[in-house]
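**Student:** Sequence first, predicted coordinates after that:
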Amino acid sequence: MAQSLSLTYYSDVLCIWAYISQARVDEVAAQFSDEVSIDYRFCSVFGDTAFKIGKGWADRGSYAGFGRHLQEAASDFDHIKLHPEVWQRNRPTSSTPAHILLKAVQRVDPRNCRAVLQELRLAFFERCLDISSRSVLMATLEVVGVQVKDVQEAIDSGAAHADLEADLRDQQILMVQGSPTFVLNEGRQKLYGNIGYGVIEANIKELLGSPVSGAASWC
């Protein structure tokens, strides 16, 4: 029987580096479909965008400066598109509403989590929509084909909030620094930031080739 490996992927939906890295996650899913299961988890980098950007980038042009920074970062990657007014209009106040929505989707329609996540990122980065807005979030579900009523029930019950809290608690236990982070080998291997696909693949192949279950990797 083929060895099974779990990859935990931490990201913030508003993080451009996670948007860039999604293609690498998709490639892992395609190349190791029978061997690697991907667990989408969420961390708060843009939980308070007024503090993160408005104050954090005050001496570098605030939102305008941050928008220019994203345009420069995106220019090196042909597989993503960036709206010219990103972070200049329809600014999300927080990534938390989107993360709660995604945790609800994981409860009621887990097979569509990746599709909803990707659609949210396209809505923000390509179409410059405010994905902290309830109307945009619900419209995203409709585009993907997820039942809005079921998702809303998971949110209203508090279950999605509890699941997001579990993500944040495990983030601290695993000492995940930020977005995006790939976690392998029960937390022994963490790949943080703009990591190339070859590095991710090498770590996966090393673990899949390990003859002893749970053995520490030499990567």
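**Tutor:** It's in.
**Student:** hey, let's count contacts and neighbours off CA atoms from now on
**Tutor:** Noted.
**Student:** OK, contacts around residue 117?
**Tutor:** Residues touching residue 117, when contacts are defined by CA atoms under 8 Å, 6 or more residues apart in numbering, comprise 13, 102.
**Student:** Let's see that with 10 Å instead.
**Tutor:** Residue 117 sits next to 13, 19, 22, 40, 98-99, 101-102, 105, 123, 140-141, 144 when contact means CA atoms under 10 Å, 6 or more residues apart in numbering.
**Student:** Tabulate the residues you listed (CSV), appending distance to residue 179 and pLDDT.
**Tutor:** Written out in CSV, the entries for these read as follows (distance: CA to CA, whole Å; pLDDT from 0 to 100):
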residue, distance to residue 179, pLDDT
13, 9, 98
19, 10, 96
22, 12, 94
40, 12, 97
98, 15, 98
99, 13, 98
101, 18, 98
102, 16, 98
105, 20, 98
123, 19, 98
140, 22, 98
141, 23, 98
144, 24, 97
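**Student:** Relative to residue 83, which of those is nearest.
**Tutor:** residue 123 (9.9 Å; CA to CA).
**Student:** which residue packs closest to the closest one, ignoring adjacent ones?
**Tutor:** For residue 123, the nearest residue in space outside its immediate sequence neighbours is residue 129; the separation is 5.5 Å by CA to CA, 6 or more residues apart in numbering.
**Student:** SS state for the one you found?
**Tutor:** In the three-state summary, residue 129 is assigned as coil, counting by DSSP: H, G, I helix; E, B strand; the rest coil.
**Student:** Check residue 10 too.
**Tutor:** Reducing the assignment at residue 10 to three states with three-state DSSP gives strand.
**Student:** Make sure it is actually in contact with residue 192.
**Tutor:** Yes: here residue 10 reaches residue 192: they are 9.3 Å apart, a contact under CA atoms under 10 Å.
**Student:** Among the two, which residue is more densely surrounded?
**Tutor:** It is residue 10, of residue 10 and residue 192, that has more neighbours when counted by other CA atoms under 10 Å, with 25 against 15.
**Student:** got a list of what that one touches?
**Tutor:** Going by CA under 10 Å, 6+ apart, residue 10 touches 18, 39-44, 167-168, 171, 176-183, 192.
**Student:** coming back round to it: which of the contacts of residue 117 lies closest to residue 53?
**Tutor:** residue 13 (15.3 Å).
**Student:** on that earlier part again, determine the residues that are contacts of both of residue 10 and residue 192.
**Tutor:** Any residue near both residue 10 and residue 192 by CA under 10 Å, 6+ apart counts here, and that gives 176-183.
**Student:** Now, these that are in helices?
**Tutor:** Secondary structure assignment by DSSP state H places none of the shared contacts of residue 10 and residue 192 in helices.
**Student:** among the residues you listed, who's most crowded?
**Tutor:** The residue in the shared contacts of residue 10 and residue 192 with the most neighbours, by other CA under 10 Å, is residue 180 (28 neighbours).
**Student:** Find the nearest non-adjacent residue to that residue, please.
**Tutor:** Leaving aside its chain neighbours, residue 180 sits nearest to residue 11 (4.6 Å; criterion: CA to CA, 6+ apart).
**Student:** now residue 103
**Tutor:** Among residues not flanking residue 103 along the chain, residue 160 sits closest, at 5.2 Å (CA to CA, 6+ apart).
**Student:** just checking, what packs against the helix or strand the one you found falls within?
**Tutor:** Take DSSP states H and E as the rule and residue 160 turns out to sit in helix 159-174. Other helices and strands packing on helix 159-174, by 3 or more CA pairs under 10 Å, 6 or more residues apart in numbering; DSSP states H and E, are strand 5-11, strand 36-42, helix 96-108, helix 148-156.
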